[in-house]
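pasting the sequence and the predicted coordinates here, then a few questions.
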Amino acid sequence: MDFWKFLNLLETKSLFFSNSDNLGDNNEGRIPHFILERMIEQDNERGNRNNQELNDYLESTLRKNHLISSWSYAERESFAMWKMYAKDKTGVAIETDLKSLQDSFNKTDRIVYVGEVNYINEDNYHFSTSNMFYPFVTKLDFYKFENEIRCVTITKDDEKPESKLVEVDLNTLIKKVHISPNSKPEFRKLIELLKNEYQLEFEICYSKVSDSWL
């Protein structure tokens, strides 16, 4: 993540969750088109609009009130992820584990679901319309390199649906903070100062991805 996002995480002690409209991929939170086409064909054959109405509800309501925080579960670092999400040699990568990620939400009364993203294509897919979480944990396999795990929460009736900060226990969440090997020494000192200021216990280490882009 960019440094300012890391700083915001420390200051707010909260993870940022966004709805599907703000995640970049135009297919986020949607039934894949090749599945939707078959669903509409079923409606036509049965003489009803059940599947169309389900999709309309997904578009009008669920895509707005289901909020997402994205993580990668890859065992090794990814050059592509660094290049996409951490820029100008001042980005950081937070390392955690699945249990710590789940346990870090112990400070909030919100229900947060944590699940692995399922990557599909037209020739190889499993998708259930009986479980409306599927559109939020399913992506086309163009994005398979992200190896994504998602945290998903649902906004309450009195909340704005676009985004939400969800409180987390930072010491439970953050095990290591990786920084660019090409960052200036002052940047590491800054991370150390922030670690001490916020009374955190994470380890600071340099990324093993040694590339001039970073």
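Perfect, thanks for sending it. Just so it is clear, the structure is predicted and the values come from calculations on it, not from any experiment.

I31 belongs to a helix?
No. Assessed with DSSP: H, G, I helix; E, B strand; the rest coil, I31 is coil; it does not lie in a helix.

please tell me how far it sits from Y119.
Distance, I31 to Y119, using CB to CB, to the nearest Å: 15 Å. (Glycine included, C-beta is placed from N, CA and C.)

comparing these two, which residue is more hemmed in?
Neighbour count, other CB atoms under 10 Å: between I31 and Y119, I31 has more, with 22 against 18.

ok, now which ones touch the more buried one?
For I31, the contacting residues are M39, N55, L58, F127, T129, P135, by CB atoms under 8 Å, 6 or more residues apart in numbering.

so which of those residues belong to strands?
Counting by DSSP state E, none of the members of the contacts of I31 fall within strands.

quick check: of these, which lies closest to K64?
Nearest to K64 among those, counting by CB to CB, is L58 at 10.0 Å.

in space, what's closest to that closest one - neighbours in sequence excluded?
With sequence-adjacent residues excluded and distances taken as CB to CB, 6 or more residues apart in numbering, L58 is closest to P135, at 6.2 Å.

right, and the one you found touches Y57 too?
No. Using CB atoms under 8 Å, P135 is not in contact with Y57, being 11.2 Å away.

what about the two, which has more around it?
Counted by other CB under 10 Å, P135 and Y57 do not tie: P135 has more neighbours, with 24 against 12.

how near is the residue nearest the centre of the chain to I35?
With distances taken as CA atoms, centre = their mean, S70 lies nearest the centre of the chain, 1.1 Å away. The spacing between S70 and I35, counted by CB to CB, is 22 Å.

how about E59?
15 Å.

list the contacts for the residue nearest to L58?
Contacts of P135 (CB under 8 Å, 6+ apart): G29, R30, I31, L58, L62, R63.

do you know how far it is from N19?
Remark: distance between P135 and N19 (CB to CB) = 12 Å.

give me the common contacts of those two.
In contact with both P135 and N19: G29, R63, using CB under 8 Å, 6+ apart.

check which helix or strand covers T172.
Taking DSSP states H and E as the definition, T172 sits inside helix 170-173.

same for that helix, what does it pack against?
Applying 3 or more CB pairs under 8 Å, 6 or more residues apart in numbering; DSSP states H and E, we find helix 170-173 packed against helix 98-103.

buried residues of the helix it packs on, list them for me.
Under the neighbour-count criterion of 16 or more other CB atoms under 10 Å, helix 98-103 has L101, Q102 buried.
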